[in-house]
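[1] I'd like to go over a predicted model; first the sequence, then the structure.
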Amino acid sequence: MGRIVVITSGKGGVGKTTTTANLGMALTRLGRTVALMDADFGLRNLDLLLGLENRVVYTALEVLAGDCRLEQALVRDKRQPGLALLPAAQNRNKDAITPEQMQQLANLLAEKFDYVLIDCPAGIESGFKNAIAPAQEALLVTTPEIAAVRDADRVVGLLEAHGIRKISLIVNRIRPQMVQANNMMSVSDVQEILAIPLAGLVPDDERVIISTNRGEPLVLEANLSLPGIAFQNIARRLEGEKVPLLDLDAPYNTLMGRLRRFFSR
Amino acid sequence: MTCPLVQPGTLGLEVTLPPEWDWTHLQDVLQQYFQLTESWWSPASPVRLIAGARVLSTEQLAWLAELLQKHDLVLANVQTEVRATAVAAAMAGYSVAQGELPTQAEPLGAPALYLNHAVRSGVEVRHPGTVVVMGDVNPGGCIVADGDIVVWGRLRGVAHAGAGGNSQRLIMALEMAATQLRIGRLVARTPANVAFYPEVACVQGDAIVLHPARDFGRTTPGGVS
Ligand SMILES: Nc1ncnc2c1ncn2[C@@H]1O[C@H](COP(=O)(O)OP(=O)(O)OP(=O)(O)O)[C@@H](O)[C@H]1O
Ligand SMILES: [Mg+2]
């Protein structure tokens, strides 16, 4: 049986879908087979990020209704044969599917793939409940902002209450320059509140937005960019490798920067 | 609303289900509550559900029974004012108390509640006695106790001691950085600069004041009671 991992956040727009797409690709590059489940019924966009939008024919709902087989609904990625996407229906509301049905689909996928990554919708309502129902472990994405961290903290409590104890943290959209100037929460500020192990750090980088718009995950580039390396590292850590954290500060950790930080304390 | 959700009663643990909460919210709150207090209630304690005016379906009753069972508690009795709920509970084999609950005298000196987890954002713990947290109370977390509140960690959420109106109660924390402190009917916000030593909050005159913990017994007549 494969590992079923939910990518979740609490606050919306912090990078769950971006993380799901890139991790999926990165894990297949490490030789794993991966199924991505879009749990964002009503607002699907995982297919878009992967550049697979025009290949979606069936969705999870048709599989559940018995209108097609699971295999038919899975969209295989030509660039990465180990990767498949189970799309969500776009025109239904979030109650179109139950937690039990999510569980059923995820279990079917876990029989065939090494990983099942579930892209969770924002919020903590029914869509969230559906997304976490099948998961054995969770990757919690947050940005270093007070509101996002507060929501993430809430989600940790809810995950634990649902029996998901293996939770690790991805801090996305870090801007080292702002942290240096004391204008942004640092990773240790975030960790101090959430108190869960760190899976990785991802810098705020316009190349992430460009790749989103092109439907080409960053980890596919021949020469990996810094955010691309960040996602690749998270995949390696999921695989159990010990990979040191990226030093996002390096370009800014100059003597002047440090002095400025010291005096602004 | 000082009525706590869970408290020791005459027939075992009493779990009150506020009629106005929607079901999924109630599920979240109960799941978190029992997760937090898991090691606290003695195993196989009988539980009495106080459903009051709330309608409980057979499925909801089954869910509650399963949740309690997961935490080694036994659903024994259902109190309800609703006929349909009474029927569902009786069918499922629970003893049923119908009609309005006789108002009980305040339980005196409920035992202290120990929480050996962090209290995270969105979690609210109410208890008719003293609450001891072995961990942090995060921003967005909230503790309401009729007794004292002791936080062996950072207190960054909201703490209300003496919630029944007793201003003699105390709030103690290794790091007092609460969003808001309340004792009895008084409210205070902690100063922007958090001290790096444990502090005790108590009421003097008509204000909540903070003392370094190491001086508290000496400088405050009566000290820690
Ligand atoms: N590290 C980053 N640097 C720059 N932009 C980023 C980064 N991560 C995500 N973004 C951008 O933030 C936006 C939201 O990202 P994404 O859709 O992945 O978030 P989400 O958590 O899935 O949102 P929702 O809650 O709506 O599902 C996108 O435009 C994405 O390109
Ligand atoms: Mg998304």
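    Happy to help now that I have it. Ligands and ions are numbered 1, 2, ... in the order given.

[2] all contacts plus neighbour counts: C-alpha atoms, from now on.
    OK.

[3] for the residue nearest to residue B:157 when sequence neighbours are not counted, which three-state class applies?
    The shortest distance from residue B:157 to any non-neighbouring residue, by CA to CA, 6 or more residues apart in numbering or on different chains, is to residue B:139 (4.1 Å). The three-state label given to residue B:139 by DSSP: H, G, I helix; E, B strand; the rest coil is coil.

[4] any idea how far residue B:139 is from residue A:71?
    Separation of residue B:139 from residue A:71 (CA to CA, to the nearest Å) stands at 45 Å.

[5] cool, and residue B:209?
    Taking CA to CA, one finds residue B:209 at 66 Å from residue A:71.

[6] just residue B:21 next, same as before
    42 Å.

[7] near chain A, which residues of chain B?
    Residues of chain B found near chain A (CA under 8 Å from any CA of the partner chain) are B:28, B:31, B:32, B:35, B:120, B:121, B:122, B:123, B:138, B:139, B:140.

[8] pretty sure residue B:35 contacts residue A:162?
    No: taking contacts as CA atoms under 8 Å, residue B:35 lies outside contact range of residue A:162: 9.2 Å.

[9] tell me the residues of chain A that contact chain B?
    For chain A, the residues found near chain B under the criterion CA under 8 Å from any CA are A:150, A:151, A:153, A:154, A:156, A:157, A:158, A:160, A:161, A:162, A:193.

[10] what helix or strand does the third one sit in?
    Taking DSSP states H and E as the definition, residue A:153 sits inside helix A:146-161.

[11] pLDDT of that helix, averaged?
    In this model, helix A:146-161 has a mean pLDDT of 94.

[12] again, but for stretch A:84-94
    In this model, stretch A:84-94 has a mean pLDDT of 79.

[13] packing partners of the helix holding residue A:153?
    If you count contacts as 3 or more CA pairs under 8 Å, 6 or more residues apart in numbering or on different chains; DSSP states H and E, helix A:146-161 packs onto strand A:137-142, helix A:187-194, helix B:23-36.

[14] out of those, deepest packed?
    Looking across those with neighbours counted as mean count of other CA atoms under 10 Å in any protein chain shown, the highest average goes to strand A:137-142: a mean of 25.

[15] got the CA positions of it in CSV?
    Output of strand A:137-142 as CSV, limited to C-alpha atoms (Å, rounded to 0.1, in the frame of the first residue of the first chain):
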residue,chain,number,x,y,z
GLU,A,137,0.0,11.8,7.3
ALA,A,138,-0.1,15.5,6.5
LEU,A,139,2.1,18.2,5.1
LEU,A,140,1.0,21.6,6.5
VAL,A,141,1.8,24.6,4.3
THR,A,142,1.9,28.0,5.7
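
[16] hang on, the earlier thing: after the helix holding residue A:153 comes which helix or strand?
    Per DSSP H and E, the first helix or strand lying C-terminal to helix A:146-161 is strand A:166-174.

[17] name the helices or strands packed onto that following strand?
    strand A:137-142, strand A:198-203.

[18] what's the first helix or strand after the helix or strand of chain B with the lowest mean pLDDT?
    None of the helices or strands of chain B scores lower by mean pLDDT, DSSP states H and E than strand B:6-9, at a mean of 74. Later in the chain than strand B:6-9, the nearest helix or strand by DSSP H and E is strand B:12-16.

[19] tell me which strands the strand or helix carrying residue B:159 pairs with, and in which orientation.
    Following DSSP H and E, one finds residue B:159 within strand B:158-161. Next to strand B:158-161 in the sheet, as set by DSSP bridges, lie strand B:142-145 (parallel), strand B:180-183 (parallel).

[20] Three-state assignment for the residue in chain B that chain A sits nearest to, please.
    Taking CA to the nearest CA as the measure, the point where chain B comes nearest chain A is residue B:121, at 4.6 Å. The three-state label given to residue B:121 by three-state DSSP is coil.

[21] for residue B:211, same thing?
    Quick answer, by three-state DSSP: residue B:211 is strand.

[22] can you name the residues bridging to it?
    Assessed by DSSP bridges, residue B:211 has beta-bridge partners residue B:200.

[23] which residues in the stretch 1-150 of chain A form strands?
    Using DSSP state E, counting those that start in this stretch, the strands of the stretch 1-150 of chain A run over residues A:3-8, A:34-38, A:75-76, A:83-86, A:115-119, A:137-142.

[24] quick check: buried residues in stretch A:79-90?
    Neighbour counts over stretch A:79-90 (16 or more other CA atoms under 10 Å in any protein chain shown) mark A:80, A:82, A:83, A:84, A:85, A:86, A:87, A:88, A:89 as buried.

[25] hey, C-alpha coordinates of that stretch in PDB?
    Extracted in PDB, the C-alpha atoms of stretch A:79-90 (Å, rounded to 0.1, in the frame of the first residue of the first chain):
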ATOM      1  CA  ARG A  79       6.400  14.100 -19.200                       C
ATOM      2  CA  GLN A  80       6.400  11.900 -16.100                       C
ATOM      3  CA  PRO A  81       4.900   8.400 -16.700                       C
ATOM      4  CA  GLY A  82       4.900   7.700 -13.000                       C
ATOM      5  CA  LEU A  83       2.500  10.500 -12.300                       C
ATOM      6  CA  ALA A  84      -1.300  10.500 -12.600                       C
ATOM      7  CA  LEU A  85      -4.000  12.900 -11.600                       C
ATOM      8  CA  LEU A  86      -7.500  12.100 -10.400                       C
ATOM      9  CA  PRO A  87      -9.400  15.300 -11.200                       C
ATOM     10  CA  ALA A  88     -12.200  16.800  -9.200                       C
ATOM     11  CA  ALA A  89     -15.500  17.900 -10.800                       C
ATOM     12  CA  GLN A  90     -15.500  21.600 -11.400                       C
END
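
[26] any idea how far that stretch is from the middle of the chain?
    15 Å (CA atoms, centre = their mean, to the nearest Å).

[27] next one, pLDDT for residue A:261 please.
    On pLDDT, residue A:261 comes in at 57.

[28] ok, the one 3 residues further on next?
    Residue A:264 is assigned a pLDDT of 56 by the prediction.
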